[in-house]
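Student: Need a 3D model of the following:
(one chain, ligands or ions: 1)
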Amino acid sequence: MTTLLTGGTGFVGHSLVHRLDHVSVTSRNSTKARIQLGDSVEHVIQWDPAIEPLKLSPGPAFDSVVNLMGESIAEGRWTAEKKARIRNSRVEGTQKLVAALVESGNLPRVFVSASAIGIYGNCGEATVDESHRHGTGFLTDVCEDWESATEPLSKLGVRVVHLRIGIVLGDQGGALEKLKPLFRWCLGGPLGSGTQWMGWIHVQDLVAMILWSIKNDSVSGAVNATAPNPVRNSEFTKALAKSVGRPAILPVPRFALRLALGEFAESLFFSQRVVPAVALANGFDFLFPDIQTAIDAADQS
Ligand SMILES: NC(=O)c1ccc[n+]([C@@H]2O[C@H](COP(=O)([O-])OP(=O)(O)OC[C@H]3O[C@@H](n4cnc5c(N)ncnc54)[C@H](OP(=O)(O)O)[C@@H]3O)[C@@H](O)[C@H]2O)c1
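Tutor: Sure thing, here's the model as predicted:
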């Protein structure tokens, strides 16, 4: 089984490459990627989607393509330039990747592409499965266009899976890497009222879901990549505080987060009670279905 992977040097991609057999990775910095990923990858392809089309060398088709690239949404303030990079790295990046596959004439059997639960916007108390209406605003627009970018492949009969990923928990990156030190210094606390729902997934379950999506021919379209038990922000805070053995009582006010983080802060107050209906209906087994074991296990991930 051969795989072409974008975003292989990232938090999720780094955990995934070790689980794939014959993997080629694209990176904007192939030298750094080769050092970082070592023997886990067969080829590293130098490619910066912001400046060039992707050129695939002639040869047999990849069996699968996994598309995880994207400018971080949590690092840095959302200036106009940053928002353009968030959007273009996903939408134009995916369009260029898809165009390269179509032009090569060698189509993969399956294309697994990252998307995000941000597509649903702010959903209050509603339970959100894959059929839930989409929200409005920047993140929804980006996710919709990111998903639409794969249409040429679906039209040519390639099975496409859009993993709508929740907050990924693991110690080597993502939210926990940033939050754990704050909580250890007793600086963590519920965000605002703490009543907003959070859709989350342990990185090991996300990697397993990507592999399962590749292998499982009956899975296509939107798939919520979240654990079956979403939690309120207050419950997440309690579990994280317990895990680091510190109290977390003081709420972090909304205006302070807005001052510190800018526009991105607003998305932290979205309530998203997302459930993985498609994954459960198709027999996916979660290793970490509940929040405390997932956060505790993140130390070993
Ligand atoms: N982590 C989460 O909580 C979460 C939640 C929802 C959705 N997702 C989505 O899942 C995917 C993987 O997440 P992750 O946490 O592993 O991401 P990550 O650690 O930020 O890594 C993403 C990779 O994308 C590439 N990249 C970064 N900026 C880029 C740009 N401007 N243009 C092109 N490529 C760029 C980088 O590879 P090179 O430097 O090697 O090029 C990087 O290693 C992303 O698409 C993300 O949006 C993640």
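
Student: from here on, contacts and neighbour counts on C-alpha atoms
Tutor: Fine.

Student: what does the stretch 151-300 of the chain have sitting close to the ligand?
Tutor: Selection of the stretch 151-300 of the chain residues close to the ligand by C-alpha under 6 Å from any ligand atom yields 165-168, 174.

Student: and those, which of them are in helices?
Tutor: Among those, the members falling in helices (DSSP state H) are Gly174.

Student: Return the member of the residues of the stretch 151-300 of the chain next to the ligand nearest to Val244.
Tutor: Gly174 (17.0 Å; C-alpha to C-alpha).

Student: and Leu101, what is it in contact with?
Tutor: 56, 107-108 (C-alpha atoms under 8 Å, 6 or more residues apart in numbering).

Student: would it count as being in a helix?
Tutor: Yes. Per DSSP: H, G, I helix; E, B strand; the rest coil, Leu101 lies within a helix segment.

Student: is it true that Leu97 lies in a strand?
Tutor: No. Assigned with three-state DSSP, Leu97 falls outside any strand and is helix.

Student: Please report the distance of the nearest residue to it once chain neighbours are set aside from the ligand.
Tutor: In this structure, Leu97 finds its nearest non-sequential neighbour in Leu54, 6.3 Å apart by C-alpha to C-alpha, 6 or more residues apart in numbering. Per C-alpha to the nearest ligand atom, to the nearest Å, Leu54 is found 12 Å from the ligand.

Student: shouldn't Leu54 be in contact with Lys96?
Tutor: Yes. Judged on C-alpha atoms under 8 Å, Leu54 makes contact with Lys96 at a distance of 6.4 Å.

Student: For stretch 142-150, give me every contacting residue.
Tutor: 87, 90-92, 94-95, 98, 113, 115-116, 118-119, 160, 162.

Student: With secondary structure as added columns, please give those in a markdown table.
Tutor: Below are those laid out as a markdown table (three-state DSSP):
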| residue | secondary structure |
| --- | --- |
| Arg87 | helix |
| Arg90 | helix |
| Val91 | helix |
| Glu92 | helix |
| Thr94 | helix |
| Gln95 | helix |
| Val98 | helix |
| Ser113 | strand |
| Ser115 | strand |
| Ala116 | strand |
| Gly118 | helix |
| Ile119 | helix |
| Val160 | strand |
| His162 | strand |
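
Student: hey, where'd the helices end up in this protein?
Tutor: 11-17, 30-37, 80-104, 138-148, 151-155, 174-184, 203-215, 233-244, 254-261, 264-267, 277-281, 291-297.

Student: Which parts of the third one count as buried, going by neighbours?
Tutor: Spelled out, it's helix 80-104. 82-83, 85-101, 104 (16 or more other C-alpha atoms under 10 Å).

Student: so which of these are also by the ligand?
Tutor: Checking these against the ligand (C-alpha under 6 Å from any ligand atom), the matches are 85, 89.

Student: lowest-confidence helix or strand of this protein?
Tutor: helix 254-261 (a mean of 82; mean pLDDT, DSSP states H and E).
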